[in-house]
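1. Here is my input; please provide its structure:
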Amino acid sequence: MSDVLDIRDLRLSFRGLRGLTEVLHGISLRIGRGERVALVGESGSGKSVTARIVLGLLQETRSARVSGHVGFDGRDITAMRPRERAGLRGTEMSMIFQDPTSSLNPTFTIGRQFAEVMRRRDPSLDRAACAARATEMLREVSIPDPARVLDAYPFQLSGGMNQRVMIAMALVNEPKLLLADEPGTALDVSVQAQTLGLMHDLVARHGTAVLFISHNLGVVREFADRVYVIYRGRIVEEGPTAALFHAPGHAYTRALMAAVPRITGAGLPEVPEASDDFLAPMVSHGVGHGDAP
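-> All right, here's what the predicted structure looks like:
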């Protein structure tokens, strides 16, 4: 059975006044069906642009130059026409963005936005059918009063409520792949834990593959089956979550883990300067992507 996502030797450059600036340097990653895979790294390491390439957004930007293979469910996204790539978004693949409130349109009700998403897959759906399906999905993310939420505008809901709406909206068309770009970062810790727990249960129930983008190692440890570590546009380490956390092999991975604040101790450690050790070839824990615990 083919992977849902198969990225090989992906490279990205941006054209500016001083010429080309290379951002991604030949990254490769794979996600199996129903698998939850995390892409971890600090801000600016190349996590979000990777997700936007998978969505087919950067290929349509004049200043961006994309090369390599991006396979989705056996099809090459990079070889598709813009209209074909647009047809995948919101139907076969969906994305949850970092700030749920700013990602929803403030001028439309939640119900209308749900309807627009569902009609991307099935234009024949009427208003009653859309409302019924949206109500069902809102109940799945533990919203007790879906009728009120469907009639509300995003600015009338809390950040945590909007995040639940975003999760439900992303999964309503039962996509094969969900891209989650640091979901919950804009929320407080307790609400973030609740919403990520709901997302974990939902994707398991629907059999959705997930590319989970984050710099929060604590969340990644609980959520992901496997982890890829990205540093300056390069994948430097990958493996099953338990194995990688138990024995990180790359200097950058160890630095990320050492930088996590602890209740006890002498504070944050010094992070070493970039060196040949940091830019060394990828460290793999030697377990195939289908063998994650």
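2. Mind jotting down where the helices sit in this structure?
-> Ranges of helices within the chain are 47-54, 82-88, 100-103, 110-121, 127-140, 146-151, 159-171, 189-206, 217-223, 241-246, 251-258, based on DSSP state H.
3. Just give me the residue right at the centre of this structure.
-> Residue closest to the mean C-alpha point of the chain, counted by CA atoms, centre = their mean, is Ala180 at 2.6 Å.
4. rewinding a little: right, so the helices of the chain: which one is the most enclosed?
-> Mean neighbour count (mean count of other CB atoms under 10 Å) peaks for helix 159-171 among the helices of the chain, with a mean of 24. (Glycine included, C-beta is placed from N, CA and C.)
5. what comes into contact with it?
-> Under the criterion CB atoms under 8 Å, 6 or more residues apart in numbering, residues 94-97, 100-101, 103-104, 110, 113-114, 117, 134, 137-138, 140-143, 149, 154, 157, 178, 183-184, 186-187, 191, 194-195, 198-199, 202-203, 206, 208 lie in contact with helix 159-171.
6. quick one: average pLDDT of it?
-> Averaging the model's pLDDT scores along helix 159-171 yields 88.
7. what's the answer for stretch 238-256, then?
-> Within the predicted structure, the mean pLDDT of stretch 238-256 is 92.
8. so how far is the first residue of that stretch from its last?
-> As for stretch 238-256, its first-to-last residue distance stands at 14 Å under the measure CA to CA, to the nearest Å.
9. ok, now stretch 84-93?
-> Distances were taken as CA to CA; on that basis the terminal residues of stretch 84-93 are 13 Å apart.
10. For it, what is the distance to the chain centroid?
-> 15 Å (CA atoms, centre = their mean, to the nearest Å).
11. Over to stretch 171-185?
-> On the basis of CA atoms, centre = their mean, stretch 171-185 is displaced by 6 Å from the centre of the chain it belongs to.
12. Extract the C-alpha trace of that stretch and format it as PDB.
-> The C-alpha trace of stretch 171-185 is given here as PDB (Å, rounded to 0.1, in the frame of the first residue of the first chain):
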ATOM      1  CA  LEU A 171     -12.100  16.800   9.200                       C
ATOM      2  CA  VAL A 172     -15.700  17.200   7.900                       C
ATOM      3  CA  ASN A 173     -14.800  16.000   4.400                       C
ATOM      4  CA  GLU A 174     -12.800  13.100   5.800                       C
ATOM      5  CA  PRO A 175      -9.500  14.000   4.200                       C
ATOM      6  CA  LYS A 176      -6.700  11.500   3.700                       C
ATOM      7  CA  LEU A 177      -4.100  13.900   5.100                       C
ATOM      8  CA  LEU A 178      -4.300  16.600   7.800                       C
ATOM      9  CA  LEU A 179      -1.600  19.300   8.000                       C
ATOM     10  CA  ALA A 180      -1.600  20.800  11.500                       C
ATOM     11  CA  ASP A 181       0.700  23.900  11.700                       C
ATOM     12  CA  GLU A 182       1.400  24.300  15.400                       C
ATOM     13  CA  PRO A 183      -2.300  24.100  16.400                       C
ATOM     14  CA  GLY A 184      -3.000  25.500  19.900                       C
ATOM     15  CA  THR A 185       0.100  27.600  20.200                       C
END
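13. Check which residues of that stretch are buried.
-> Neighbour-count burial for stretch 171-185, with 16 or more other CB atoms under 10 Å as criterion, is recorded at 171-173, 175-184.
14. Tell me which of these fall in strands.
-> Of the positions in these, Leu177, Leu178, Leu179, Ala180, Asp181 sit in strands, assigned by DSSP state E.
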